[in-house]
Structures are given as C-alpha cells and as structure tokens.
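Visitor: Quick one: sequence and predicted model below, then my questions.
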Amino acid sequence: MSKFEQYNVVLKDLNNEARLYEYELDNVYFKKIDSPEVQKGNVSAKVTVQQKQGLYELQFVIDGSVIIPCDRCLDDMVQPISYKEKLQVKFGDKFSEEDEIVIVPESEGAINIAWFLYEFIVLNIPIKHVHPSGECNKTMTSKLRKHISRQKDDDDDEGLALVLDDDDDDFSTDEVQTDPRWDGLPNITENN
C-alpha cells in the first residue's frame, strides 16, 4: 500500500456528476511529503471532480495554515493559506504534463493528487514571510542588528528590507555610523 494511496482520485468510475473529495492535511501528511519548505501544518482541502467533454476538471479549494520559519528571526511562524486552483486531466498512454493539462495513463484510470496539493500550498506562501512587527525573537533580532552593515549614503533599502521590516521598532535605519577612515574611499575613483 502506497503512503499516498488515500489521495488517489479514480477518474474512470466517474460519470457526469460532480464528486467531492475532502482531505485534512496535517503534520503526518507534511512529514510523508518530506520536503524542506513546509514540515508542519493544518490545512483542509476540498477537491471537486467533474467530467467535461473528454476532460476531467479538478477544482481545489485549500484553506488552513502551515508552520514555516520566519525569514528574520528563524523562529516558527503561522502562515495562513487560502487558495483556489483548477487542474484539467485527460487519459493518454503515459503520465505527462502538457501546457495546463495533466495526462494520466488510461490503464490506471486514476490520478494521485498528493503532490499537487503540496505544490498549491507552497505556491501560496509569500516570498517574504516574517512575523508581524514586534513578534520576532528579540534575542535574534538584536544579534541581527549588530551584524547588519550599510554604507553611509546607501539609499537602497531593498536588501535591508528583506531582513528587517521598516515598521519594526527594534531597528533604527535613519542614522548609519561608518568608520571615518573609509569616508574618502568613494573619492578615489573620481580622482583617477
């Protein structure tokens, strides 16, 4: 028995009526997937399957939350997940993905959606995921503040913004102190 057998959707048994599949994706599911992005969570997934003109349309509705590390302090944080997606499936000779259609072998007559569910969850996680202002680990943010270096006239806060949130009261980016011995370095290229 496969560890993802419960996520098999048998298509060849469907007629023109829509069929609803419901899944609770918990820590056990994420541990079985064994992927580094998400290790824990509690997500409910509803998958409606309907046959339409030689294709099978799978509509996913995913709601819940996952536990991921904060980009700033590395402590675990709760990331809400809410996502809707459609997937079209048809029968063919072998498994493949062409454009936006997944082809499954007609001899099997089923598709396993365990990995699709995981991909939809991961795609819903924002690129920058940090705790709300003031909720990061104070010890880690104070150490981070010690090791951030910026140039005196650096107007580009993009690199800093990836690490620090502008609304965080723990950090002051207005005044940047530099070693006065280095103040003349930008003039070297102008004189040569």
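Guide: Yep, that arrived.
Visitor: going forward, measure contacts and count neighbours with C-alpha atoms only.
Guide: Noted.
Visitor: where along the chain do the helices fall?
Guide: Along the chain, counting by DSSP state H, helices occupy 27-33, 114-123, 138-147, 158-163, 185-191.
Visitor: quick one: which of those helices has the weakest pLDDT on average?
Guide: Note on these: helix 158-163 shows the lowest mean pLDDT, a mean of 44.
Visitor: quick one on the thing from earlier: for Ala18, find the nearest of the helices of the chain.
Guide: Closest of the helices of the chain to Ala18 is helix 114-123, at 19.1 Å (criterion: C-alpha to C-alpha).
Visitor: Go through that closest one and flag the buried ones.
Guide: 114, 117-118, 120-121 (16 or more other C-alpha atoms under 10 Å).
Visitor: and if you look at stretch 18-27?
Guide: Residues 25-27 are the ones in stretch 18-27 that count as buried (16+ other C-alpha under 10 Å).
Visitor: returning to what we had before: need the helices of the chain in a markdown table (columns: distance to Gln50).
Guide: Below are these laid out as a markdown table (distance: least, C-alpha to C-alpha, whole Å):
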| stretch | distance to Gln50 |
| --- | --- |
| helix 27-33 | 25 |
| helix 114-123 | 17 |
| helix 138-147 | 50 |
| helix 158-163 | 43 |
| helix 185-191 | 66 |
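Visitor: Among those, single out whichever gets nearest to Phe4.
Guide: Between the helices of the chain, helix 114-123 lies closest to Phe4; by C-alpha to C-alpha that is 6.5 Å.
Visitor: Report all helices and strands that that closest one contacts.
Guide: Helices and strands touching helix 114-123, by 3 or more C-alpha pairs under 8 Å, 6 or more residues apart in numbering; DSSP states H and E, are strand 76-92.
Visitor: Would you list the strands that the strand it packs on pairs with, along with their directions?
Guide: Sheet pairing of strand 76-92 (DSSP bridges) gives strand 55-69 (antiparallel), strand 101-105 (parallel).
Visitor: Arg145: which of the ones you listed is closest?
Guide: Closest among these, using C-alpha to C-alpha: strand 55-69, at 18.7 Å.
Visitor: Dump that closest one to PDB, keeping only the CA atoms.
Guide: Written as PDB, here are the backbone C-alpha positions of strand 55-69 (Å, rounded to 0.1, in the frame of the first residue of the first chain):
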ATOM      1  CA  LEU A  55     -11.500  16.000 -19.800                       C
ATOM      2  CA  TYR A  56     -11.800  15.800 -16.100                       C
ATOM      3  CA  GLU A  57     -11.800  19.100 -14.200                       C
ATOM      4  CA  LEU A  58     -10.400  19.100 -10.700                       C
ATOM      5  CA  GLN A  59     -11.200  22.200  -8.600                       C
ATOM      6  CA  PHE A  60      -9.100  22.600  -5.500                       C
ATOM      7  CA  VAL A  61     -10.200  24.800  -2.500                       C
ATOM      8  CA  ILE A  62      -7.400  24.900   0.100                       C
ATOM      9  CA  ASP A  63      -7.700  26.700   3.500                       C
ATOM     10  CA  GLY A  64      -5.700  26.500   6.700                       C
ATOM     11  CA  SER A  65      -2.300  27.300   8.000                       C
ATOM     12  CA  VAL A  66       1.300  26.000   7.800                       C
ATOM     13  CA  ILE A  67       4.200  26.400  10.100                       C
ATOM     14  CA  ILE A  68       7.300  27.800   8.400                       C
ATOM     15  CA  PRO A  69      10.400  29.600   9.700                       C
END
